[in-house]
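Engineer: I'd like to go over a predicted model; first the sequence, then the structure.
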Amino acid sequence: MELILGAATGVIFGFLLQKAEVLRFEKQVGFLLLRDVTILKFMLSAILVGAIGIYACHDLGLIELKIKVTTLAPLVTGGVLFGVGWAIAGYCPGTSLGAIGEGRIHAIWVVLGMLTGAALYAEVYPHLSRKFMKLYDYGKITVPDITGLNHWIVIAILGGIILFMFFLFERK
Amino acid sequence: MNYLFRGKWSPYLAGALAGLLAVASVVVTTKVLSKPMYLGASTSFVRAAGLIEQKVAKKHVKNNKYFQSKKVKVDWQMMFVAGILAGALFSSLAGRSFKLELVPEIWRERFGKSPVKRAVGAFFGGVILLFGVRMAGGCPSGHGLSGMMQLSVSGVVAMVAFMVGGIVTAKIFYRRSW
């Protein structure tokens, strides 16, 4: 059942990514060259709808949150490194597979590179400094935690910012 | 029904539906599997690399601390990632936007039409990005979508780091002349 649910969710997600055209190298690198905001439109829409849904369901006691730790040293270092590879490859882990699906054969090289990168990380991981991987560790924190604001106020502010950005995107 | 076969949807609509999908996934998996499944992709590449490595070096994979922590097996997320390929294939065929491509346009403008050059760049880009993403603990799906919709600080910080690294690199890498 777990595997069927995963596959079904992936098929719908891949379908939506393809319809929004965000799987394309031109959209991803175009965004990083600050020429195209299609990816932002897609991501910010998903984040806003998702935030409202997740916190509504959480308030109703239907689901639990799964917050990732904020450990600034590896998060920022790894994050910037990801950005470097993202710009060169033109795809992120999720979109690379979708790109192959819509015929962009060169994304296969990205997938092979990612598998190699994963194997490489597994080899390097035991030798990474424990101290570095725990440097500036703040645990599983959320924006409501650190600001002391109710989550619905944070979502309202986030929504305001996102809708304002959409207004700017559509104005030109 | 016609809408299904249209080549392109508004990214606002597709994004909003992806947000609903993310919420539905968490609710359904909590009910059915008793564990919430938030969308994410990059850990699957670790598990897949482990599954492949196991074929030649079983003991090595078994003793590796990182593989141990991620449990090398086919799971929900790996099927999710595989499903993305199938969904995109179906959508692109239905919408007639499927296109075989060896070298993308922006790349061709800067580095020429050699598929070999593109293959080398794509491969090493993939190596770097996955190494970085595992150090950061998540990708634009796990940190970006799932993290930010839970209002987590790690999601926000990760997205800023992704964009800073990506924008600076893209601006230098795709510049017409160095």
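Structural biologist: Yes, it's here.
Engineer: next, count neighbours for residue 80.
Structural biologist: Picking chain A for this. Residue crowding around residue A:80 was assessed by other Cβ atoms under 10 Å in any protein chain shown; the count is 21. All C-beta spots, glycine's among them, are computed from the backbone N, C-alpha and C.
Engineer: sorry, should have said chain B
Structural biologist: 29.
Engineer: mind checking how far the worst-scoring helix or strand of chain B on mean pLDDT is from the chain centre?
Structural biologist: Lowest by mean pLDDT, DSSP states H and E among the helices and strands of chain B is helix B:2-5, with a mean of 75. Remark: helix B:2-5 is offset 26 Å from the chain centroid, using Cα atoms, centre = their mean, to the nearest Å.
Engineer: briefly note if that helix comes near chain A.
Structural biologist: No: judged by Cβ under 8 Å from any Cβ of the partner chain, helix B:2-5 stays clear of chain A, getting no closer than 8.9 Å.
Engineer: quick one: list the elements packing against the helix or strand that that helix is followed by.
Structural biologist: Going down the chain from helix B:2-5, the next helix or strand is helix B:11-33, by DSSP states H and E. Here helix B:11-33 touches helix A:2-19, helix A:38-59, going by 3 or more Cβ pairs under 8 Å, 6 or more residues apart in numbering or on different chains; DSSP states H and E.
Engineer: looking at those helices, which is nearest to residue A:92?
Structural biologist: helix A:38-59 (9.8 Å; Cβ to Cβ).
Engineer: and the gap between the residue positioned nearest the centre of chain A and residue B:149?
Structural biologist: By Cα atoms, centre = their mean, chain A has its centre lying nearest to residue A:43, at 8.1 Å. Applying Cβ to Cβ, to the nearest Å, the value for residue A:43 to residue B:149 is 10 Å.
Engineer: now do residue A:118
Structural biologist: To residue B:149, residue A:118 is 25 Å away according to Cβ to Cβ.
Engineer: neighbour count winner among the two?
Structural biologist: Each of residue A:118 and residue B:149 has its neighbours counted (other Cβ under 10 Å); residue A:118 has more, 31 against 28.
Engineer: would you agree the more buried one falls within a strand?
Structural biologist: No: Residue A:118: not assigned to a strand; according to DSSP: H, G, I helix; E, B strand; the rest coil it is helix.
Engineer: per-residue pLDDT, it?
Structural biologist: Residue A:118 carries a pLDDT score of 98 in this model.
Engineer: residues contacting it?
Structural biologist: Neighbouring residues of residue A:118 by Cβ atoms under 8 Å, 6 or more residues apart in numbering or on different chains: B:45-46, B:48-49, B:130, B:134.
Engineer: next, give me the two most distant ones among those.
Structural biologist: B:48 and B:134 (12.9 Å).
Engineer: which one of these two has more residues nearby?
Structural biologist: Ranked by neighbour count (other Cβ under 10 Å), residue B:48 and residue B:134 place residue B:134 first, with 28 against 20.
Engineer: ok, for the more buried one, nearest residue in space, not its chain neighbours?
Structural biologist: Closest residue to residue B:134 apart from its sequence neighbours, by Cβ to Cβ, 6 or more residues apart in numbering or on different chains: residue A:121 at 4.5 Å.
Engineer: the one you found reaches residue B:65, doesn't it?
Structural biologist: No: counting by Cβ atoms under 8 Å, residue A:121 stays clear of residue B:65, with 11.4 Å between them.
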